[in-house]
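# my questions are about this predicted structure, shown below with the sequence.
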Amino acid sequence: MKRIALMIALCSAAFPAWAEQMRQITVTGEGVVTAAPDMATISLGVTHQDKDVAQAMARASQAAAAMIKRLNDMGVDARDVQTSQATLSPVYSNRSSESPQVDGFRAGLMMMVRVRDLDQLGTVLGAVVQDGANRFSGLQFGLSAPQQAEDAARTAAVAEALRKAELLAKAAGASLGDVISISEFGGGGAPLMRMAAAEMKAGDVPIAEGELAISQSVNLVIELE
């Protein structure tokens, strides 16, 4: 009997603490700010095919060297040009009347180019095409110093989470207490297109730089009173 009474007493003592612990609300908030990009990263390259394996690689290498020289001459810093991929593969004949035979070789070189002056972007693209670039696999706009925009998005995310928490607490007949914890997740920048493009001279590639949407998300746990 004493043992049962002790267990009841312990459970009764623990219940208020458990109930108090459960009086909290968890909300998420997302903040989004827009910013004009000030740099771009291009993935481009060159491929050449030849009967001779050495010639295929030599022609691809010559074109890549010409592109790198042109970029340097246009003021693109050497640290902003990086070879990202080199490929060399056989090309097989596609004649249905016979078994596949090696018909030649295809060599390719890809590079990542960071352009920090967006006024030059269209000119840079036009120039490397003239020098032999025949592969293009991506153009990504970005911010050279994204911290200010990211911090603004974080502030907006916390404000949104608090707004939602206040709304939910009021609907439930409660009020908010102290913030127990804040955690951050997700986040990043994505293109947000707008109808705007700089004037391009003859031979340049027309580019619409648009805007970037920088987002951050937070998770808040708040005490309820």
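Looks like it arrived, so ask away.
# in the longest helix along the chain, what's buried?
For the chain, the longest helix by residue count, based on DSSP state H, is helix 147-171. For helix 147-171, burial by neighbour count (16 or more other C-beta atoms under 10 Å) applies to 149-150, 152-154, 156-158, 160-162, 165, 169. Any C-beta I mention is one placed from the backbone N, CA and C, and that applies to glycine too.
# dump these to TSV, plus distance to residue 39 and pLDDT.
Output for those, formatted as TSV (distance: C-beta to C-beta, whole Å; pLDDT from 0 to 100):
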residue	distance to residue 39	pLDDT
149	13	93
150	16	93
152	19	95
153	19	95
154	22	95
156	24	97
157	25	97
158	28	97
160	29	98
161	31	97
162	34	97
165	37	96
169	43	95
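# can you pick out the most distant pair from those?
Greatest spacing in these, by C-beta to C-beta: 149 and 169 (30.6 Å).
# what pairs with the lengthiest strand in the chain, parallel or antiparallel?
The strand spanning the most residues in the chain, taking DSSP state E as the definition, is strand 176-192. Partners of strand 176-192 in the sheet, by DSSP bridges, are strand 211-224 (antiparallel).
# average pLDDT across the strand it pairs with?
The average pLDDT for strand 211-224 rounds to 94.
# so residue 173: helix, strand or coil?
Under DSSP: H, G, I helix; E, B strand; the rest coil, the three-state class of residue 173 is coil.
# all numbers from here: first residue = 24
Will do, 24 is the new start, and the previous item becomes residue 196.
# from residue 46, how far off is it?
To residue 46, residue 196 is 12 Å away according to C-beta to C-beta, to the nearest Å.
# so in terms of bridging, what pairs with residue 63?
As for beta bridges, residue 63 partners with residue 138, residue 164 under DSSP bridges.
# list the contacts for it?
137, 138, 141, 144, 162, 163, 164, 165, 232 (C-beta atoms under 8 Å, 6 or more residues apart in numbering).
# show me where pLDDT drops low in this protein?
For the chain, applying pLDDT under 70 flags the ranges 24-45, 118-121, 211-226.
# domains for it, by residue range?
According to automatic domain parsing, the chain comprises the domains 46-59+169-247, 62-165.
# can you get me a residue count around residue 130?
Using other C-beta atoms under 10 Å, residue 130 has 24 neighbouring residues.
# now do the contacts for it.
By C-beta under 8 Å, 6+ apart, residue 130 lies in contact with 70, 71, 72, 73, 76, 79, 80, 82, 83, 84, 110, 111.
# what's the helix or strand for it?
For residue 130, the host element (DSSP states H and E) is strand 125-138.
# what residues of that strand count as buried?
Going by 16+ other C-beta under 10 Å, strand 125-138 has these buried residues: 128, 129, 130, 131, 132, 133, 134, 135, 136, 137, 138.
# now the phi/psi pair for residue 229, please.
Main-chain dihedrals, residue 229, degrees, to the nearest 10: phi -70, psi 130.
# residues near it, how many?
Using other C-beta under 10 Å, residue 229 has 11 other residues around it.
# just the residues contacting the longest strand of the chain, thanks.
By C-beta under 8 Å, 6+ apart, strand 199-215 touches 47-48, 53, 57, 164-166, 169, 172-173, 176-177, 181, 185, 188-189, 192, 233-248.
# filter these to the buried ones?
Neighbour counting with 16+ other C-beta under 10 Å marks 48, 164, 166, 169, 172-173, 176-177, 181, 185, 188, 192, 233, 235-243, 245-247 as buried within the contacts of strand 199-215.
# buried ones in stretch 145-156?
For stretch 145-156, burial by neighbour count (16+ other C-beta under 10 Å) applies to 145, 146, 147, 148, 149, 150, 151, 154, 155, 156.
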